[in-house]
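Student: I would like to see how this sequence folds:
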Amino acid sequence: MDIPLIEFKNVTKRFGTKTVLQRVNLQIYEGQITTIIGLSGSGKSVMLKHIIGLIQPDEGAIYFRGKPIAEMKKTEIAAAFAQISYMFQGNALFDSLTVYDNIALPLRETTNLKKAEIDRRVMNRIEQTELSEAIYKYPSELSGGMQKRAALARALITDPQIVLFDEPTTGQDPVRKNAILGMIAQYQKKFNFTAILVSHEIPDVYFISNRVLALYDRQIVFQGTPEELENFDHPFMDEVISSLESLQKELTGLYSKRQFKVLNHVQLEHRRKPNKVSHVQIERRKSGESYCVVVFTLSDLDAIISNLGYDAAQEAIHSMGVYIDKNFGTIGGFSMRHKSNEIITVLPFSNLEEAENILKNFVNDFQEQGLRDIWTETQNQASADKCVDFVIRAGVAQGQPIDEIDSIIQSAKSRQTEIGRLHCAAGE
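Tutor: Numbers count the residues shown, from 1 in each chain. Okay, the predicted model is just below:
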């Protein structure tokens, strides 16, 4: 394992008689997106202030590239913290400054660069973050998405190696939250910085994070991949996952990944039958019954983001999820968003022939109306008058209760074919 970029070893912090962090151990690795999740007031902001040097631990040590900060020279510490940039909660743009001046501010205050060089760097970031049309506008004149991009451009203007994001999605609706997270992931890949996010709202960590750290009861109780978090058995999950589950029908009309796995397990252990009260009655399933998995993919999400913007791309996923849920939910299927551009539907108690016929009927309706519905919803969010291809692929595979569902998902993906394509431009 590589040496962590940032490491806490037994870090404890007290304010008076109150202990906020107690023997915290964590590792953050270079070039990754790490998300720190936890309840509101759990100490995430205190942890963040330790990372940027605003607070010193009462006990324990913080390491930067394997060296204790407490043992570093002042010049070394200054060089280390110069690599870090900070994107504030609520953006913290200056209302009296234009977008250009907001972005230029860190260079004007912290460097001796000449005006021409500052202008070159600012214009470069403005172009890279798609803000050319907003150069001389003020924050109050910008959409929420453009404000976020302006704040990110300012955070990136000093070419930082590490960018900290403090509650980047607070106060946003579910579609906007995922647009913001998608933007962070896209620019992290583009500029190759190390991203550290903190949030008390469980973000869409499954789609953007390499590692997740869970802060609970003053300690880091989990650190690992999003996939490992799914199987983490701890009181933290009972208290915090509820905030993720609450987004079940808001984001795409789909289940969260955790709910999906639980429901899949229940469905494979039981048979569903109509009921006058709940329309679903659970009784024991006959052994050996198969199920099918359908994998839907919106191809080339990066191109949609580049051409139409983050909000439009997330609206496309949202509309796609709603349409799939509407069609398959009525026949007992249940779905989840598996990756940023991928939706999975399980059809319990069906075989491959049945599922292929169901999918065939869906495709006919989808080609006639579904793609148009998705585009209609998406173009309302489109930020540029550009063309883009909407290509949807789907594949189906059959499994048995003893099979690992991940292998059935992979089998369905290998069988994917194009089921719909729409070529159009924003503003049509």
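Student: Mind jotting down where the helices sit in the stretch 1-150 of the chain?
Tutor: Using DSSP state H, counting those that start in this stretch, the helices found in the stretch 1-150 of the chain span residues 44-51, 74-81, 99-110, 115-128, 144-156.
Student: helices and strands around the last one, which ones?
Tutor: With contacts taken as 3 or more CB pairs under 8 Å, 6 or more residues apart in numbering; DSSP states H and E, helix 144-156 sits against strand 84-87, helix 99-110, helix 115-128, helix 174-191. Where you see a C-beta, it was placed from the backbone N, CA and C, and this is true even at glycine.
Student: now swap in the longest one and tell me
Tutor: In terms of contacts (3+ CB pairs under 8 Å, 6+ apart), helix 115-128 is packed against helix 99-110, helix 144-156.
Student: same thing but at 6 Å, please
Tutor: Contact here means 3 or more CB pairs under 6 Å, 6 or more residues apart in numbering; DSSP states H and E; on that basis helix 115-128 packs against helix 99-110.
Student: can you list the residues that contact the helix it packs on?
Tutor: 93-94, 113, 118, 122, 131, 134-135, 137, 150, 153-154, 157-158 (CB atoms under 6 Å, 6 or more residues apart in numbering).
Student: Could you dump those residues into JSON lines with neighbour count, pLDDT and distance to I33 added?
Tutor: Conversion of those to JSON lines gives the following (neighbours: other CB atoms under 10 Å; pLDDT from 0 to 100; distance: CB to CB, whole Å):
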{"residue": "L93", "neighbour count": "21", "pLDDT": "84", "distance to I33": "23"}
{"residue": "F94", "neighbour count": "12", "pLDDT": "85", "distance to I33": "28"}
{"residue": "L113", "neighbour count": "14", "pLDDT": "87", "distance to I33": "29"}
{"residue": "I118", "neighbour count": "17", "pLDDT": "91", "distance to I33": "29"}
{"residue": "V122", "neighbour count": "23", "pLDDT": "90", "distance to I33": "26"}
{"residue": "L131", "neighbour count": "21", "pLDDT": "82", "distance to I33": "22"}
{"residue": "A134", "neighbour count": "21", "pLDDT": "84", "distance to I33": "26"}
{"residue": "I135", "neighbour count": "15", "pLDDT": "87", "distance to I33": "29"}
{"residue": "K137", "neighbour count": "15", "pLDDT": "89", "distance to I33": "30"}
{"residue": "A150", "neighbour count": "25", "pLDDT": "85", "distance to I33": "21"}
{"residue": "A153", "neighbour count": "23", "pLDDT": "85", "distance to I33": "18"}
{"residue": "R154", "neighbour count": "28", "pLDDT": "88", "distance to I33": "20"}
{"residue": "I157", "neighbour count": "23", "pLDDT": "87", "distance to I33": "20"}
{"residue": "T158", "neighbour count": "15", "pLDDT": "84", "distance to I33": "20"}
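Student: and the helix or strand where L164 lies, what's its mean pLDDT?
Tutor: Assigned by DSSP states H and E, L164 falls within strand 162-166. Mean per-residue pLDDT for strand 162-166: 86.
Student: Quick one: residues in contact with that strand.
Tutor: 48, 83-89, 155, 193-198.
Student: got it, and stretch 390-410?
Tutor: With CB under 6 Å, 6+ apart, stretch 390-410 has contacts from 268, 290-297, 299, 352, 355-356, 359, 411-413, 415-416, 418-422.
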